[in-house]
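Peer 1: What follows is a predicted structure for the sequence shown.
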Amino acid sequence: MTSNAQAHRNTVIVYLRYRLSHPTNSQTGQPWGKAAMDLHLVIQAGIVHTQDTSTRFCSDVCTLQGNPVTALEPLLLLHPSDNVAVARRSLQSGETLTVAGKTLQIAEAVPANHKVAISEIRERDIIRKFGQPIGSARSPIASGQWVHVHNVSIERDKSGYEFCTDIVEFPKPADSRTFMGFRRKDGRAGTRNYIALISTVNCSATTSRYVAQELAKSDLSRYGNIDGVIPIVHKSGCAFAYNGDDHLLLNRTLAGFARHPNIAACLVLGLGCETAQAGHLQESQGLVQLGGAKRREPDDSLPMILNIQEVGGVRKTVDKAVGVMRELMVHADAARREPIPLSELTLGLQCGGSDGVSGITANPALGYASDLLVAHGAGSVLAETPEVYGAEQLLTRRSVSRAVADRLLDRIRWWEDYAKKNNASIDNNPSYGNKQGGLTTIIEKSLGAVAKGGTAPLRAVYQFAEPITERGFTFMDTPGYDPISVTGLVAGGCQVVVFTTGRGSCFGCKPAPTIKVATNSPIYHHMRDDMDLNAGSILEGASVESVGEEIFEKIIATASGEKTLSEQQGIGDEEFCPWMPGPIF
């Protein structure tokens, strides 16, 4: 990291520490959540570049001096060492613009949020964005030319890894925060109060849906404290090795949903002859009824599992399951929200349909919110291993121990080997939509994605769907495919998910509410019924901190029962997607 970048990053840390130890702005007397933030920053992959460095954010801390950049300038230079700038709007050939004090003539049309060369780039020269390598020039690139997949090759950072060199500890906040959640009998805290049907195999999926539909139609309206009945169904459960890796992974995922604190009670439905036996799931995962209660007073007789072949067919199973669930609904409806320390919340960090400004707006703002949660003792979990590829060196620096860093690198190497075995490249990850939105290589995408994790120390690395027990910032190994990744996070125990999107991903994953944050204003306004928050305002002059505060407050409100837009539309029943990395026979 350059000395300038380190100095800027240190400023952010000072600012965050001040914010946590002073619940009100000393200049306005207002709570920080309601006061306008003065310091405009772009926090990206551990590197901070001021957008407006002439302002004083608090007389008690420091003053930064520099050249102001207005929100109206069409080109955004993220770091002084960059040789590309980001177009805030579509650029036309022949336009003459100014960036970093230099005049630049646009040589060809450049779409909004895409990159333009601000100097001559020779063939094989490194292309830098965020002050980091994102690729190399496939051919010579003239100043003012569009920089994208047609003239960029992937190029990894060859500087190697540093370990445990960038550890930041946040002070305890002056104001303790709580959310209104459901206290379960086993002591855990939920943000929603669902009941669920969990299918062990695709063969019982339709039966689970029939049960959920009947209860929703005939019973649910009588229980005002139950958020809904979820059929947790999938396309797997058989044709793999009994007790093999995929079987155990599926068990861990299903069990994570069965005992999730947002689910008050559930019933496991199997066919009877599948490899993923319901009995094996119950015994190997220690599942018990009613949210993991060890003592089950009047409900001892209620079954945890039903198998269609044993009960006598689909219709009989539906009838019996409805009867069991009706009894469980009485217990679930008795739950009431109560104040719970914010430290008991675990947040899932996800991005999908990313674009060229995801790493400039929504992701660093979410990273700021994540840091605030961590400072309050909560958990925050980054995922999508293929989408930290090329930026993992930033996380090894933040690892609290060499063992944590090595576990992350083990997962990186696993993915490299996985891609090789399947004759693929990890750089295949950026989707069609990502590239249309301005992302060129997986490294560029990863540098933006890592910003969701803020600046907090990395305290643990988990396998897919492994129970998350560590507080603070952690990482879970998942694919980059959103439904699978979020399934793993929720199975691990995340009670709320924040999902940033530049292209407009419409997503939910019951039982965890999903807050969607648009990275740019056009998509926010175009898809207003789907986007909860707009981080595109950062490109228009808002600060990363102010948007981060907005996300932070939205997380607390959502955890306390406020419905997200995806919940209001009923989204989230179809997104359960277990990971099956092995062969199907």
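Peer 2: Here it is on my side, so go on.
Peer 1: Which residue ranges of the stretch 401-550 of the chain form strands?
Peer 2: For the stretch 401-550 of the chain, the strands defined by DSSP state E, counting those that start in this stretch occupy 458-462, 472-476, 496-501, 514-518, 533-534.
Peer 1: mind listing what the second one pairs with, with the direction of each?
Peer 2: For strand 472-476, the paired strands and their directions (DSSP bridges) are strand 379-382 (parallel), strand 458-462 (parallel).
Peer 1: can you check the fourth one too?
Peer 2: Neighbouring strands of strand 514-518 in its sheet, by DSSP bridges, are strand 496-501 (parallel), strand 533-534 (parallel).
Peer 1: Where do the domain boundaries of this protein fall?
Peer 2: As given by automatic domain parsing, the domain ranges for the chain are 1-68, 70-155, 194-334, 341-568.
Peer 1: Of those, which shows the lowest average pLDDT?
Peer 2: Ranked by mean pLDDT, the domains of the chain bottom out at domain 1-68, with a mean of 40.
Peer 1: picking that back up, can you lay out the strands paired with strand 472-476 as a markdown table showing distance to Ser236?
Peer 2: Where you see a C-beta, it was placed from the backbone N, CA and C, and this is true even at glycine. What follows is these, written out as a markdown table (distance: least, C-beta to C-beta, whole Å):
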| stretch | distance to Ser236 |
| --- | --- |
| strand 379-382 | 24 |
| strand 458-462 | 21 |
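Peer 1: any chance of those strands in JSON lines, with distance to Asn428 and mean neighbour count too?
Peer 2: Listed next are those as JSON lines, based on distance: least, C-beta to C-beta, whole Å; neighbours: other C-beta atoms under 10 Å:
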{"stretch": "strand 379-382", "distance to Asn428": "21", "mean neighbour count": "28"}
{"stretch": "strand 458-462", "distance to Asn428": "24", "mean neighbour count": "23"}
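Peer 1: nearest to Leu215, of those strands?
Peer 2: When the strands paired with strand 472-476 are compared for distance to Leu215 using C-beta to C-beta, the nearest one is strand 379-382, at 31.5 Å.
Peer 1: Can you dump the C-alpha atoms of the closest one in PDB for me?
Peer 2: Below are the C-alpha coordinates for strand 379-382, written out as PDB (Å, rounded to 0.1, in the frame of the first residue of the first chain):
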ATOM      1  CA  GLY A 379     -21.000 -10.600  13.200                       C
ATOM      2  CA  SER A 380     -20.500  -9.700   9.500                       C
ATOM      3  CA  VAL A 381     -19.700 -12.400   6.900                       C
ATOM      4  CA  LEU A 382     -18.200 -11.900   3.500                       C
END
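Peer 1: Take the strands of the stretch 401-550 of the chain and write them to TSV, including distance to Ser446.
Peer 2: Compiled in TSV, these are given as follows (distance: least, C-beta to C-beta, whole Å):
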stretch	distance to Ser446
strand 458-462	15
strand 472-476	13
strand 496-501	14
strand 514-518	19
strand 533-534	23
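Peer 1: Of all those, which one comes closest to Ser176?
Peer 2: strand 472-476 (16.9 Å).
Peer 1: Select, out of the strands of the stretch 401-550 of the chain, the one closest to Ala559.
Peer 2: Of all these, strand 496-501 comes closest under C-beta to C-beta, at 5.4 Å.
Peer 1: contacting residues for Arg402?
Peer 2: Applying C-beta atoms under 8 Å, 6 or more residues apart in numbering to Arg402 gives the contacts Phe163, Cys164.
Peer 1: so what's the closest residue to Ser401 other than its chain neighbours up against?
Peer 2: Nearest non-adjacent residue to Ser401, counting by C-beta to C-beta, 6 or more residues apart in numbering: Cys164, 6.5 Å away. Going by C-beta under 8 Å, 6+ apart, Cys164 touches Arg397, Ser399, Val400, Ser401, Arg402, Ala405.
Peer 1: PyMOL command to pick out the buried ones of those?
Peer 2: A single PyMOL command suffices to select whichever of these are buried according to 16 or more other C-beta atoms under 10 Å:
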select buried, resi 397+399+400+405
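Peer 1: Serialize the contacts of Cys164 to a markdown table and add fields for distance to Ser354.
Peer 2: Converted to a markdown table, these look like this (distance: C-beta to C-beta, whole Å):
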| residue | distance to Ser354 |
| --- | --- |
| Arg397 | 23 |
| Ser399 | 24 |
| Val400 | 28 |
| Ser401 | 30 |
| Arg402 | 31 |
| Ala405 | 25 |
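Peer 1: from the contacts of Cys164, which is closest to Asp175?
Peer 2: Val400 (26.1 Å).
Peer 1: my guess is that closest one meets Leu458, correct?
Peer 2: Yes. Assessed by C-beta atoms under 8 Å, Val400 is found in contact with Leu458 at 6.6 Å.
Peer 1: Can you tell me what sits against stretch 277-291?
Peer 2: Applying C-beta under 8 Å, 6+ apart, the contact partners of stretch 277-291 are 184-186, 188, 200, 243, 247-248, 251-252, 254-255, 258-259, 261, 263-265, 268-270, 294, 296, 299, 302, 304-307, 328, 331-332.
Peer 1: for that stretch, which positions count as buried?
Peer 2: Gln277, Ala278, His280, Leu281, Gln282, Gln285, Leu287, Val288, Gln289, Leu290, Gly291.
Peer 1: Out of the residues you listed, which comes closest to Glu120?
Peer 2: Ranked by distance to Glu120 (C-beta to C-beta), the buried residues of stretch 277-291 are led by Gln285 at 59.8 Å.
Peer 1: Next one: the closest one relative to Thr440, how far apart?
Peer 2: Taking C-beta to C-beta, to the nearest Å as the measure, Gln285 falls 43 Å from Thr440.
Peer 1: Which of the contacts of stretch 277-291 fall in strands?
Peer 2: By the criterion of DSSP state E, membership of these in strands covers Ile263, Ala264, Ala265, Val268, Leu269, Gly270, Ile305, Leu306, Asn307.
Peer 1: which non-adjacent residue is nearest Ala375?
Peer 2: Nearest one to Ala375, counting by C-beta to C-beta, 6+ apart, is Phe170 at 3.9 Å.
Peer 1: The one you found: how many residues sit nearby?
Peer 2: 22 (other C-beta atoms under 10 Å).
Peer 1: That one should be in a strand, yeah?
Peer 2: No. Assessed with DSSP: H, G, I helix; E, B strand; the rest coil, Phe170 is coil; it does not lie in a strand.
Peer 1: circling back: closest one to Phe179 among the domains of the chain?
Peer 2: Of those, the one closest to Phe179 (C-beta to C-beta) turns out to be domain 341-568, at 4.0 Å.
Peer 1: chain center to that closest one, what's the gap?
Peer 2: In terms of C-alpha atoms, centre = their mean, to the nearest Å, the centre of domain 341-568 is found 3 Å from the chain centre.
Peer 1: Same list, the domains of the chain, but as TSV with distance to Arg177 please.
Peer 2: Converted to TSV, the domains of the chain look like this (distance: least, C-beta to C-beta, whole Å):
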stretch	distance to Arg177
domain 1-68	10
domain 70-155	31
domain 194-334	18
domain 341-568	4
